[in-house]
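*Asks:* sequence first, then the predicted structure:
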Amino acid sequence: MARVVVDVMLKPEILDPQGRAVQGALGRLGLTGVADVRQGKQFIITMDGDVAGERLEQLHALAAELLSNPVIENYVLRVEADA
Amino acid sequence: MSPRIGVVTFPGTLDDGDAARAVRFAGGEPVALWHGDADLKSVDAVILPGGFSYGDYLRCGAISRFAPVMTPVITAAGAGMPVLGICNGFQILCESHLLPGALTRNQSMHFICRDQRLRIENTSTAWTNGFAHGQEIVIPLKNGEGNFNADTATLDELEAEGRVIARYVDVNPNGSQRDIAGITNARGNVVGLMPHPEHAIEDLTGPSLDGLVFFSSVLNALVGA
Amino acid sequence: MADTVDNAIADPEATQPFAELGLKPDEYQRIRDILGRRPTSSELAMYSVMWSEHCSYKSSKVHLRQFGEKAPKTDALLVGIGENAGVVDIGDGWAVTFKVESHNHPSYVEPYQGAATGVGGIVRDIMSMGARPIAVMDPLRFGPLDAADTKRVLPGIVAGIGGYGNCLGLPNIGGEVVFDPSYAGNPLVNALCVGAMRHEDIHLASAKGVGNLVILYGARTGGDGIGGVSVLASETFSDGGPTKRPSVQVGDPFMEKLLIEATLDVLGAGLVEGIQDLGGAGISCATSELASNGDGGMHVWLDRVLLRDRSLSPEEILMSESQERMCAVVTPAKLEEFLAKCAKWDVEAVVIGEVNDSGRLTVDWHGERIVDVPPRSVAHDGPVYQRPLHRPSWQDALQADTPDDLLRPVDGEQLRATALNLIGAPNLASKAWITDQYDRYVQGNTILAQPEDAGMVRVDEQTGLGVAVSCDCNGRFAKLDPYTGAQLALAESYRNVSASGAIPLAVTNCLNFGSPEDPEVMWQFAEAVRGLADGCLELGIPVTGGNVSFYNQTGTTAILPTPVVGVLAVIDDVDRRTPISWGPDGELIYLLGDTRDEFAGSEWAHHVHGHLGGMPPRVDLARERLLSEIMIAGSRDGMLTAAHDISDGGLMITLSEMAMHSGIGARCWLPDDIDPFVQLFAESAGRAVVVVPRSEELRFTEMCAARGLPAHRIGVVDSELGADAGYPGQQVLQISDLFTVTIDELRAAHTATLPAILNA
């Protein structure tokens, strides 16, 4: 079994109103010195067997095509091999 | 024989019935198209209506874009078939890369339903040929993720090529860059529009009759073709 | 190891946590008597949930009986009280069903999900009658607008209603938003839904036909809201005490949308014998109600229920309030087609039971019997309480504390200032911050929506047949005198739909009160129900169903008694509806009805002086009936171009709203015989402002005179007034010899209030 973790974040130049709203809330709850907050998504995909070669390429393609919208988002994919 | 306009229903689509009504009012024949069938039933044009297809899960339109019906839609669009994406439909067109850019969360973070003033800036597309250039219209807008975003190069290209078909006037309800409410592809057959023309076709139920012109435009374009 | 029936027989003295589940000792004993043994833990769970206040109405039943006993005879009623929702005939083979329900406590705990699932629940109720939902409305009540907790709950509740309702494709056509200190800590979220169907599509929640199958379809069952119903809605929040945190229900509007389409598909294809939605008490409720309404028996294989969480015990499965689930009774011959239609919409469906003639509801868990009960005992024969009630000790003092001595504005300048002050008061200010978050256009049949008097939707696009709905309640009036207050709520709702040109047909209600264990609250409840029942009888429109929400209090402080009344009305042709905005210049503005010096419970007394005391405005239902008939006739026969009822804030607010909505000014004058302050701001009932074209004036005034309805010409629409009034180029509302105010000033005051607080 392998866990594939894909983190998707808005590109830095895209306005993130949700992140901004969270930043405001943190301030109101007493946390000082917050320079910025960005909000993203994480996908955890549990796969049978291990993930390498063609399968890994396929996952990358899907991360770029389905899990993220490359027009406005970046993704980072990592594989956590499991016992 | 009036032109046949396909209206696609995805799971969660809401304004398909209203789009079909608008086609009928304009004098066309609406044809229901099912997301799961890769079959356009020989229609002359396609509308991707508004709603919350797949609950807006993942991203608005991100899952619909891979529906079986989208394969022939993309092919037909490439061959010049008029395609109109309204609201969620616009989102699906962008996710499919039939149009550039992306629609993100409204800047205010709230869903907004309002009668929106627009200026029509391109009257050569299949869906806008019935307007006068610069004409101002009022049609309902209702969305939570209507904020049009693209990189500067893309935005400049859209402007330079006159591919912004409608712009928000008086109030920008969602923070869209350059006040963009609707755009078209280079060929002028694929149009994405955030506000809802199908809700402005009858005095009893809408703020104006301006919406009807989008639908009569495509009938014009098809008959003339 | 599930607690089986055999166990229960073998181990009769096992201690059971009935108190933790909300059952009183005598109720627990009654269950033992009914079964002739101790209940299994599953049976205990079922009874505890179904016999909770929220599900069984044990404190209210004895009073609610009056709605049936005093029901006026009417041919329009196709399905009365007792079913999920009432159904009314609106003509041409069309029927309409409507109901309002509460989701108060969950919305305080988790505003977004509480409100969202409230919408989901009422929509399923309407669907379970066989109708297509066509509109929603939401009466909301909060603590003071600027209170910290209001800022916590209001945005979440509004986002939840919008987030869920918009996703279903249902236009939100109206509602109310009221702010009052008594709702702080106890916001009220009432959700109304209207559905339409052809007569032959009406379905009831009964399981008939031995051998028919019981199908559970929709979302999978998980741990949502376990204990929510009995634990949450049947207890109050204690001040400062440890907060109860039961699992809150979480909604998935996309699943509900698929459920709507699948349900309409199977109903349309005639595949369903009986149908029930799963709301409070989930499977316990659906199965026991279906069984007790049907041939008398049902068997359920509980292990067939599709689960989201495999760790759930059978008791939890029975009590789960997972959203977006429905139950259908289907003949074996139609099963395959039913399942195919669900599959088309990606809706999971599984057969979990079978109808029989055993007279029992039996449930097996992996082959072992864990429930064996008479279904009526669970669903219908719950405890009935005669709660003690007595008139509050403070009632006389409250009624004696009239607003007569409050400082009143005396001259034109002061009256002008009062007008601008009131139009911006939280209860009277524009609610657009809220209502702009709702889709009012979807389905393309919305004729009137907020801020009109009533919401109106077209039902038949060929003929123009439509329905109008309004829901109203003034809790302050109800506190001053609950009997009168309930009748005033009914009168206002009745008046509102009539003002739009529609004929009132039926009533629903959402009765929001404090704790029924408090005899003073119970008295308020009993009086309100009596008032409403008497009022419905006099107006000739029956109550078709409704909802009771008790325990809306924190500690010993109850909310204002809030009997929300919804009236449904029909209009032959929506083209004839009367909106509130007035038309071109020269049209005449008429005041209908009598104005008296009545300020007790008024918005003026509340907002300007923080005062609540005295007797509420007089109710005259015969006058309301006459006013309604005149407005409807006027609308139908083209004598009126606009109409707006007079309620909160009085005549000045009515005129201001009409002016702002149309953007056109008017010159008005007040009759000499009444003090201007009274004329402008008193809240006497039985009044409306109508606008009459000159060509119709004679016909209209003759009709009013013939019928005995006072009608005074008080103004004329005039867009050119600005210059002469000292405001060149502007639209103004002029009250002759007193003051002039511009529409821009009114709008500025009206629209600033909510955003100033909520956007801060």
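*Replies:* Nice, thanks for sending it over.
*Asks:* tell me the first helix or strand C-terminal of the helix or strand that B:Ala20 is a member of.
*Replies:* Assigned by DSSP states H and E, B:Ala20 belongs to helix B:16-26. Per DSSP H and E, helix B:16-26 leads on to strand B:29-34 as the next helix or strand towards the C-terminus.
*Asks:* which neighbouring elements make contact with the helix or strand that that next one is followed by?
*Replies:* Using DSSP H and E, the next helix or strand after strand B:29-34 towards the C-terminus is strand B:45-48. Secondary-structure packing of strand B:45-48 (3 or more CB pairs under 8 Å, 6 or more residues apart in numbering or on different chains; DSSP states H and E): strand B:4-9, helix B:70-78, strand B:83-86, helix B:88-95. Quick note: C-beta positions are derived from backbone N, CA and C, even for glycine.
*Asks:* what pairs with the shortest one, parallel or antiparallel?
*Replies:* In the sheet containing strand B:83-86, the strands it pairs with under DSSP bridges are strand B:45-48 (parallel), strand B:190-193 (parallel).
*Asks:* got a list of contacts for it?
*Replies:* Defining contact as CB atoms under 8 Å, 6 or more residues apart in numbering or on different chains, one finds that strand B:83-86 is touched by B:15, B:19, B:45-50, B:73, B:76-77, B:91-93, B:98-99, B:127, B:189-198, B:214, B:218.
*Asks:* quick one: average pLDDT of that strand?
*Replies:* Average pLDDT, strand B:83-86: 98.
*Asks:* check the second one too.
*Replies:* Averaging the model's pLDDT scores along helix B:70-78 yields 98.
*Asks:* OK, contacts around C:Asp252?
*Replies:* B:Gly55, C:Ala219, C:Gln323, C:Glu324.
*Asks:* pick the one among these closest to chain A.
*Replies:* For these, the closest approach to chain A (CB to the nearest CB) belongs to B:Gly55, at 15.2 Å.
*Asks:* surely the closest one is in contact with C:Gly251?
*Replies:* No. With contact taken as CB atoms under 8 Å, B:Gly55 and C:Gly251 are classed as non-touching, separated by 11.0 Å.
*Asks:* one step back: I'd like the helices and strands packed on strand B:45-48 as a markdown table, with mean neighbour count appended.
*Replies:* Converted to a markdown table, the helices and strands packed on strand B:45-48 look like this (neighbours: other CB atoms under 10 Å in any protein chain shown):
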| stretch | mean neighbour count |
| --- | --- |
| strand B:4-9 | 24 |
| helix B:70-78 | 18 |
| strand B:83-86 | 29 |
| helix B:88-95 | 29 |
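*Asks:* returning to that earlier point: mean pLDDT and mean neighbour count added to the strands paired with strand B:83-86, as CSV?
*Replies:* Formatted as CSV, the strands paired with strand B:83-86 follow (pLDDT from 0 to 100; neighbours: other CB atoms under 10 Å in any protein chain shown):
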stretch, mean pLDDT, mean neighbour count
strand B:45-48, 98, 29
strand B:190-193, 98, 29
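*Asks:* so which of these gets nearest C:Asn84?
*Replies:* Proximity to C:Asn84 (CB to CB) singles out strand B:45-48 among the strands paired with strand B:83-86, at 35.9 Å.
*Asks:* any residues touching the closest one, and which ones?
*Replies:* B:3, B:5-8, B:19, B:23, B:33, B:40, B:73, B:76-77, B:81-86, B:88-90, B:92-93, B:126, B:218, B:222.
*Asks:* residue in chain A nearest to chain C?
*Replies:* For chain A, CB to the nearest CB, closest residue to chain C: A:Arg28, 10.4 Å.
*Asks:* distance of that residue relative to C:Lys151?
*Replies:* Using CB to CB, to the nearest Å, we find A:Arg28 at a distance of 10 Å from C:Lys151.
*Asks:* ok, B:Asp44 next?
*Replies:* 52 Å.
*Asks:* A:Arg38 contacts A:Gly19, doesn't it?
*Replies:* Yes. Using CB under 8 Å, A:Arg38 is in contact with A:Gly19, at 4.5 Å.
*Asks:* so what's B:Pro100 up against?
*Replies:* For B:Pro100, the contact set (CB under 8 Å, 6+ apart) comprises A:Val71, B:Cys94, B:Ala150, B:Thr154, B:Glu157, B:Leu158, B:Ile183.
*Asks:* per-residue confidence, it, what does it come out as?
*Replies:* 98.
*Asks:* and what of the one 4 residues further on?
*Replies:* Per-residue confidence (pLDDT) for B:Thr104: 95.
*Asks:* now swap in C:Ala749 and tell me
*Replies:* 98.
*Asks:* helix, strand or coil for it?
*Replies:* Judged by DSSP: H, G, I helix; E, B strand; the rest coil, the three-state class of C:Ala749 is helix.
*Asks:* got it, and C:Cys193?
*Replies:* The three-state label given to C:Cys193 by three-state DSSP is strand.
*Asks:* neighbours of it, how many?
*Replies:* 29 (other CB atoms under 10 Å in any protein chain shown).
*Asks:* try B:Ala32
*Replies:* 12.
*Asks:* help me confirm that C:Gly566 comes into contact with C:Val467.
*Replies:* No. The criterion here is CB under 8 Å, and C:Gly566 misses it with C:Val467 at 11.8 Å.
*Asks:* so how far is C:Leu511 from C:Val543?
*Replies:* Relative to C:Leu511, and taking CB to CB, C:Val543 is found at 11 Å.
*Asks:* repeat for B:Phe52
*Replies:* For B:Phe52, the distance to C:Leu511 equals 34 Å [CB to CB].
*Asks:* also C:Pro728?
*Replies:* According to CB to CB, C:Pro728 and C:Leu511 sit 53 Å apart.
*Asks:* more neighbours: which of the two?
*Replies:* Remark: of C:Pro728 and C:Leu511, C:Leu511 carries more neighbours, 27 against 8, as counted by other CB under 10 Å.
*Asks:* who touches the more buried one in this structure?
*Replies:* Here C:Leu511 is in contact with C:Ser60, C:Phe525, C:Ala528, C:Val529, C:Gly546, C:Asn547, C:Val548, C:Ser549, C:Thr562, C:Pro563, C:Val564 (CB under 8 Å, 6+ apart).
*Asks:* so what's the residue in the stretch 151-300 of chain C that chain A sits nearest to up against?
*Replies:* Nearest residue of the stretch 151-300 of chain C to chain A, counting by CB to the nearest CB: C:Lys151, 10.4 Å away. C:Lys151 makes contact with C:Ile757, C:Leu758 under the criterion CB under 8 Å, 6+ apart.
*Asks:* what about it, which SS state?
*Replies:* Put simply, C:Lys151 is helix when judged by three-state DSSP.
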